[in-house]
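Q: need a 3D model of the sequence below.
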Amino acid sequence: MMNKIIKGLLLTGTVLLAAGCKQAVKDTPISPRQKSIVILYENDVHCAMGGYAKLAGLRDAIADTADVFLVSNGDYVQGQTVGAISKGQYVVDVMRVMNYDAITLGNHEFDYGMERMFQLLRQVPVPVVCCNLYDIRSGRMVFAPYVMKRVGDKRIAFVGVVTPTSMEDEAYAFRDERDSLIYDLQREDIPVLVQHAVDEARRAGADYVIVDSHLGEELTARHSDSHTLVANTSGIDIVLDGHSHAVIVSDTILNKEGKPIVVTQTGTKFTNIGKLLITPDGRMMTSLVPIERVTEESPFVAHVVDSIHSMLNEQTSRVICHSEVPLRILDDEGNEVHRIGETTAGDIVTDAFRMVTGSDISVLNSGSIRNEAKAGDLTYGDLLSLLPYDNYIVVAEVKGSTIIAMLEKLMSFLPKPDGQFPQVSGMRFIVDEREHRVSDVRILNSNTQHYEPINPARTYTVATTKYCVTDGGLYNTLKGSKITWETKRTYNDIFIEFVTKNLNGHIGQEYAQPQGRIIKK
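A: Alright, predicted model coming up:
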């Protein structure tokens, strides 16, 4: 349907990169004039469709006085109902009319599987750059490591890189049906892979090398954060970052040669638009433009977005239930507190898994709950936005000792927010945040409705997503557990059954506050 909407309006383009391509795209002429260069950048949009028209409008306005480039630093096809219901297609329908100059991958581009990602990106007439995604079967890079753009007498190279932690968080996308690894994000250390791309771009004549990064600011076990990247490389002029949803106008990190390099990031969901200014004499300055202050808007992009929203509304406007209370994952300042503690959304979602499946307990990684739900009438779209993934519910048999080890592993990251932090039902425990110790783990007795000390030797039934058992969720702490029931139903579908049948379409005051399942001291 979207092809009909944009037919006749979309300028003919060519998809420059496809799976199996290894060579960089070079020397795209932009302008013979020597003007200031402006690079607009975004990261972690997560389906916030309303910002695209303003981004395009700002680009068009600046183009009157400067040469403008537009880049995306990953995590665009997933995060809200519009992405989930179309498996990224509606987002790509907008991106294909945006005229980006380069895009890189985020970890959530892998959410719908590798083949779906390729199918979506082939539709976008823009170079996809990623220097660290390899096809193990061929030994080749899947995408070009960089793209070169020429403006006047200057050449700008955009190098792409995505966090290798995707191989744990979205493990299923990197393996075949026999669980054999077929794609790899870290054949070598990330700084080494990026350095190869930077050196190649410099040899090809790049005057400026800009890294379009989806690494983030948090140090990981794979040592793949943006600061570690800068400290162990040379030849990079600036890092336009993503992944950690940080709002960073300009962090300065010393590179391998002691040269100060700026790292910048815009936040998430179009909180800001990033603006990098390169003056004719080569000076670089970054700024963040709050989206609410952008008055420019592209009528064409706005029309495409409005058309998608109209179609989406037809699909999602059906009322499912009524809630007396909001289902929260954020605090009043907008922080994702479900990544460090128990929340009302986590309570009700895990209750749904446990009660619909009849399991002893249920557990879900917090990163699988993507949005809040308001108080009042909740539509299918509201609930799909809450739980947007294609995660299937399974029931596994897990020993009490494994459950304890899982909790200890997942609490070890506190107080740092982590998408694998567990939301639970049918279980209570105490965690010492300083010592990272878990104690007094108790399991709900379904007969007496009392919590009893966990038996390390006993086998419990655990309802969760298949992602959390076989595909890298919960840091593989449940991997190898015997799956006794695969429902073939998504976690959103199970949740809808719970609120309509178990709760009779009414969510009450029992979910007004977290229920004391995770007690911190």
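Q: contacts and neighbour counts: CA atoms only from here.
A: OK.
Q: name the element the residue with the largest distance to the centre of the chain belongs to?
A: Going by CA atoms, centre = their mean, the residue of the chain most distant from its centre is Thr448, 41.2 Å out. Secondary structure assignment for Thr448, by DSSP states H and E: no helix or strand.
Q: how near is it to Val398?
A: With distances defined as CA to CA, to the nearest Å, the gap from Thr448 to Val398 amounts to 22 Å.
Q: kindly report the same for Asn476.
A: Here the criterion is CA to CA. By it, Asn476 lies 13 Å from Val398.
Q: cool, Asn272 as well?
A: Summarising the geometry, the distance separating Asn272 from Val398, computed by CA to CA, is 44 Å.
Q: compare these two (neighbour count), which wins?
A: Just comparing Asn272 and Val398: by other CA atoms under 10 Å the higher neighbour count belongs to Asn272, 25 against 21.
Q: for the more buried one, which non-adjacent residue is closest in space?
A: Once its chain neighbours are removed from consideration, Asn272 has its nearest residue in Pro290; the separation is 4.3 Å (CA to CA, 6 or more residues apart in numbering).
Q: quick one, phi/psi of that neighbour?
A: The main-chain torsion angles of Pro290 are listed as degrees, to the nearest 10 and equal phi -60, psi 140.
Q: from here on, call the first residue 252.
A: Yep, numbering from 252; the last one is Pro541 now.
Q: is it true that it touches Thr519?
A: No. Between Pro541 and Thr519 there is no contact, the gap being 11.4 Å when judged by CA atoms under 8 Å.
Q: which one of those two has more residues nearby?
A: Counting neighbours by other CA under 10 Å for Pro541 and for Thr519 shows that Thr519 has the greater number, 21 against 13.
Q: the helix or strand hosting Ser558 packs against which elements?
A: Per DSSP H and E, Ser558 falls inside helix 550-567. Counting by 3 or more CA pairs under 8 Å, 6 or more residues apart in numbering; DSSP states H and E, the packing neighbours recorded for helix 550-567 are helix 253-257, helix 301-313, helix 340-346, helix 631-637.
Q: for that helix, give the mean pLDDT please.
A: For helix 550-567, mean pLDDT rounds to 94.
Q: so how far is Asp311 from the residue nearest to Val375 when sequence neighbours are not counted?
A: Beyond its immediate neighbours in the sequence, the residue positioned closest to Val375 (CA to CA, 6+ apart) is Arg347, lying 4.6 Å away. Counting by CA to CA, the gap between Arg347 and Asp311 amounts to 16 Å.
Q: can you report phi and psi for the spatially most central residue of the chain?
A: Central residue check for the chain by CA atoms, centre = their mean: the C-alpha nearest the mean position is that of His359, 4.0 Å away. Main-chain torsions, His359, degrees, to the nearest 10: phi -80, psi -10.
Q: how about the helices in the stretch 602-751 of the chain?
A: Counting by DSSP state H, counting those that start in this stretch, the stretch 602-751 of the chain has these helices, from start to end: 631-637, 651-662, 717-721, 742-748.
Q: flag every buried residue along the first one.
A: Put plainly, it is helix 631-637. Within helix 631-637, the residues that qualify as buried are 631-637, counting by 16 or more other CA atoms under 10 Å.
Q: likewise for the second one?
A: If you call a residue buried by 16+ other CA under 10 Å, then helix 651-662 has these buried ones: 651, 653-655, 657-662.
Q: picking up where we left off before, would you confirm that the residue nearest to Val375 contacts Arg373?
A: No. At 9.9 Å, Arg347 does not count as touching Arg373 under the criterion of CA under 8 Å.
Q: where does the protein have low pLDDT?
A: In the predicted model, the chain carries pLDDT under 70 at residues 252-284, 472.
Q: what's the helix or strand for Val460?
A: Using DSSP H and E, Val460 maps to strand 459-465.
Q: hey, C-alpha coordinates of the helix or strand just after that strand in PDB?
A: Along the chain past strand 459-465, the next helix or strand (assigned with DSSP H and E) turns out to be helix 477-482. What follows is the C-alpha trace of helix 477-482 in PDB, where atoms were taken according to Å, rounded to 0.1, in the frame of the first residue of the first chain:
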ATOM      1  CA  SER A 477      32.800   4.200  22.000                       C
ATOM      2  CA  HIS A 478      35.400   5.500  24.600                       C
ATOM      3  CA  THR A 479      37.500   2.300  24.300                       C
ATOM      4  CA  LEU A 480      37.200   2.600  20.500                       C
ATOM      5  CA  VAL A 481      38.600   6.100  20.500                       C
ATOM      6  CA  ALA A 482      41.400   5.400  23.000                       C
END
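Q: contacts for helix 477-482?
A: Residues from elsewhere that reach helix 477-482, judged by CA atoms under 8 Å, 6 or more residues apart in numbering: 441-442, 464, 466-468, 470, 487, 490, 492, 504-507, 512, 514.
Q: and which of the residues you listed is nearest Leu695?
A: When these are compared for distance to Leu695, the smallest value, 36.5 Å, is given by Leu470; criterion: CA to CA.
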